[in-house]
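[1] fold the following for me, if possible:
(chains A and B)
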Amino acid sequence: MPEKRFPASVFGVGDEPDARFTLANERTFLAWSRTALAMIAGGVALEALALDLQPQLRLAASLLLVVAGIVLAPAAYLDWMRTERALRRAAPLPGSRMSVAVAVVVAVVGALIALGTLWR
Amino acid sequence: MTSDRGVQAERTELAWRRSALAVGVGALIALRLLPELIGGAGAAIGCLGLCTAALIWAGGQRRSRAFARHLANRHVRAPGGTMLLALAVFTIAVGGFSLALTFIAAR
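    Next comes the predicted model:
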């Protein structure tokens, strides 16, 4: 069966893995996508709702959340590709730095909001 | 990993539904907040968001059924990654638009 599925860089490699692993990989991508959307929504809400915070800190927190969300979306797709390729090759799954990045962003945003509350 | 192969396709369909709902809720919030910021265009964008949510729901359902058929018979090919890329691109677009909105709201 000639391989026509997109992307070729994933499906042209290796053999068909157990579909349960592919499905688990897909669910992981969807979870990261939702995380990205939630961060973007949170960033916009911070400004659009005009919450009572120091304006520059609030804007900084908002922008950091939105930009992080924008970066997270393609990162999640690339991660899906890498993992699917590894599954097809029966190779070790690649590590991911998205968790650390999101944790750092959320911590910094939290700190900015806390300071923004103190310095209103 | 559970031993019931059919369950995995169902779990994935539910994951797509959660994603559709997330976009839908975002669209409703946009419908609520955007008209104050950017007028009529805001309502149009909110409606577009709701349509996208419906597309994600339907697409996820179709995709999960294709996976279920593949699980039942290995000779039936599993779906490719087009819908995943589409969702990633959509999220980036929402982010870019939201960035502009954030600056508008900050003024």
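[2] and what about residue 13, helix, strand or coil?
    No chain specified, so I'll use chain A. coil (DSSP: H, G, I helix; E, B strand; the rest coil).
[3] immediately after the lengthiest helix in chain A, which helix or strand?
    Counting residues, the longest helix in chain A under DSSP state H turns out to be helix A:55-88. Downstream of helix A:55-88, the first helix or strand assigned by DSSP states H and E is helix A:98-118.
[4] check which residues of that next one are buried.
    For helix A:98-118, the neighbour count (16 or more other CB atoms under 10 Å in any protein chain shown) marks A:Met98, A:Val102, A:Val105, A:Val109, A:Leu112, A:Ile113, A:Gly116 as buried. Bear in mind the C-beta positions are built from the backbone N, C-alpha and C, glycine included.
[5] what's the most distant pair in those residues?
    Using CB to CB, the two most remote members of these are A:Met98 and A:Gly116, lying 26.1 Å apart.
[6] make a markdown table from the buried residues of helix A:98-118 and add pLDDT and distance to chain B to it.
    Formatted as a markdown table, these follow (pLDDT from 0 to 100; distance: CB to the nearest CB, whole Å):
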| residue | pLDDT | distance to chain B |
| --- | --- | --- |
| A:Met98 | 94 | 13 |
| A:Val102 | 97 | 14 |
| A:Val105 | 98 | 13 |
| A:Val109 | 98 | 13 |
| A:Leu112 | 97 | 14 |
| A:Ile113 | 96 | 15 |
| A:Gly116 | 95 | 13 |
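[7] let me know the pLDDT of the residue most central in space within chain A.
    Nearest residue to the geometric centre of chain A (CA atoms, centre = their mean): A:Leu72, 3.2 Å. For A:Leu72, the pLDDT comes out at 98.
[8] that one and A:Thr35 touch, don't they?
    Yes. Here A:Leu72 reaches A:Thr35: they are 6.5 Å apart, a contact under CB atoms under 8 Å.
[9] just give me the closest of the buried residues of helix A:98-118 to A:Pro17.
    A:Met98 (21.8 Å).
[10] burial check on the nearest residue to that closest one once chain neighbours are set aside, number of neighbours?
    Closest residue to A:Met98 apart from its sequence neighbours, by CB to CB, 6 or more residues apart in numbering or on different chains: A:Ala75 at 5.6 Å. For A:Ala75, the number of neighbouring residues by other CB atoms under 10 Å in any protein chain shown comes to 19.
[11] what score does A:Ala75 have for pLDDT?
    97.
[12] what of B:Leu50?
    pLDDT, B:Leu50: 97.
[13] is it true that it touches B:Val25?
    No. Checked against CB under 8 Å, the pair B:Leu50 and B:Val25 is beyond contact range at 10.1 Å.
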